[in-house]
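Trainee: sequence first, then the predicted structure, then my questions.
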Amino acid sequence: MKNKIFLILLFSFNIYSEKLIIYAGSPIRSLKNSKLFEFIELIKDSGFNAVHLNYGFEKINFETYKKASDIGLKIFIHIGSPKKIGERNAVDSQGRNLNIECPLNEKIWKSLILDRITEFFNKYKGEKFLDSVIGIHFDIESYVDPDICYCDYCFYKYMEMKKLKSNVRKEERKEYLFEKGLLLDYKNFLKNNLENIFKEIKKKINSFNDALLISYYPFSYKGIVFPFKIFFTFLLPSKFPPPLWWYVYRKSEWISHALLKGMADEKNSVILWDDYYYWSGYIPGYDKLVNKKLKKVLNYKVRWMGSIDYLSDCFGKADYTPERAGREFYELLKNNEYGAILYGEIKKDTDIYESHLPYLQKIKQYLILQK
Ligand SMILES: [Zn+2]
């Protein structure tokens, strides 16, 4: 019986052999040694071929990388999110200081992405598990909301480029640019500058590892498919949060787009982890729509990947039974040529193993049944 299941599993893997089936929880943070390794085995046994593992140099990190590699999982090193370095805050269009570093401070991106990758590959140089490390993943959630930046650095860099001399108070900068008919030009200037920062980082990464996949969360695209979100919101009210929620939630997409344009090209596509379905559940056809729109914006096909969050205490997110999680994850995978990402949080008073087991069992059944 066991052999039969194994053969069926093997067969089902072939169908998705080109696709990445990514488990993106954080087992290292939640589990102790033996249970952690069991969980890594469970991920593999459930039909996944890749896993996110936290960046780190402790024994537990090293052993988990080795374990995942030994059983044939591909690894994305999860390197976290940008840290504030206290040089200059981002400033919004009303002149308010935001609690994040100005996005045009290249040091934050360099220390988050380039320095960490370099340190990782240097410290683990010669280790066999590195062959299984196919990508790095980072989080820009704190950077999906900010307006375009109006801090002194950004604003006067632009004024200098335009050879404009006036001093303008922070809270009046947007209006000033608008009145001079320069607002759009200013936004493009900042986007292009940020794009160049990412380009430089990508060039350096490529110089020591040009096969490394770059992945980030969350992909943000307010300007691209916004009207369709509203449409679906009204169409399926029981699955959705209040209609205007999306509008309030995501204020901007400029950082996401600059990152995409700077770090990806036709040959080296970035993986976009999209959390759109977290609130709605899987919606057929939406994936094709996003791909089409993105191609228009970027002029090449990007590796857009949808995801479901099947376990969450967050208000407004879709409710998942294991059955629904299995069915929708299968749909995600079937309808995306690159693969799919599975994510779930941890239930209170339990661990990731206990919380996720029933879901992973169902997902395994779906991946086998739909061979
Ligand atoms: Zn700034």
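Mentor: That came through fine.
Trainee: burial of L333, as a residue count?
Mentor: Residues lying near L333 (other Cβ atoms under 10 Å) number 25. Just so you know, the C-beta spots here come from the backbone N, C-alpha and C atoms, and that holds for glycine as well.
Trainee: correct me, but it touches L342?
Mentor: No. L333 lies out of contact with L342 (Cβ atoms under 8 Å); the separation is 9.3 Å.
Trainee: overlap in contacts, the two.
Mentor: Taking Cβ atoms under 8 Å, 6 or more residues apart in numbering as the criterion, L333 and L342 both touch I21.
Trainee: S30: neighbour count?
Mentor: Close neighbours of S30, defined as other Cβ under 10 Å, add up to 17.
Trainee: also K199?
Mentor: 15.
Trainee: show me which positions of the host helix or strand of it end up buried.
Mentor: K199 is part of helix 183-208 when elements are defined by DSSP states H and E. Neighbour-count burial for helix 183-208, counted by 16 or more other Cβ atoms under 10 Å, picks out 183, 186-187, 189-191, 193-195, 197-198, 201-202, 205.
Trainee: got CSV for the residues you listed, with pLDDT and distance to S280 too?
Mentor: Below are the buried residues of helix 183-208 laid out as CSV (pLDDT from 0 to 100; distance: Cβ to Cβ, whole Å):
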residue, pLDDT, distance to S280
L183, 95, 33
Y186, 96, 34
K187, 93, 29
F189, 97, 35
L190, 96, 31
K191, 93, 28
N193, 97, 34
L194, 96, 30
E195, 95, 30
I197, 97, 33
F198, 96, 30
I201, 95, 33
K202, 93, 32
I205, 91, 34
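Trainee: identify the residues contacting C314.
Mentor: For C314, the contacting residues are E345, by Cβ under 8 Å, 6+ apart.
Trainee: whoops, I mixed them up, I79
Mentor: With contacts defined as Cβ under 8 Å, 6+ apart, I79 is in contact with Y55, L112, I113, R116, I117, F120, I136, H137, F138.
Trainee: helices along the stretch 201-350 of the chain, start to end?
Mentor: Per DSSP state H, counting those that start in this stretch, the stretch 201-350 of the chain carries helices over the ranges 222-235, 245-249, 254-263, 277-280, 286-298, 322-334.
Trainee: off-centre distance for the fifth one?
Mentor: Distance of helix 286-298 from its chain centroid, counting by Cα atoms, centre = their mean, to the nearest Å, is 17 Å.
Trainee: would you mark the buried spots in it?
Mentor: Buried residues in helix 286-298 (16+ other Cβ under 10 Å): Y286, D287, V290, N291, K293, L294, L298.
Trainee: which one of those is nearest H356?
Mentor: In terms of Cβ to Cβ, no member of the buried residues of helix 286-298 lies closer to H356 than D287, at 24.1 Å.
Trainee: just the contacts of I79: which are in strands?
Mentor: Filtering those for membership in strands, criterion DSSP state E, returns I136, H137, F138.
Trainee: isn't the first one up against L114?
Mentor: Looking back up the chat, that one is I136. No. Assessed by Cβ under 8 Å, I136 is found out of contact with L114, at 10.2 Å.
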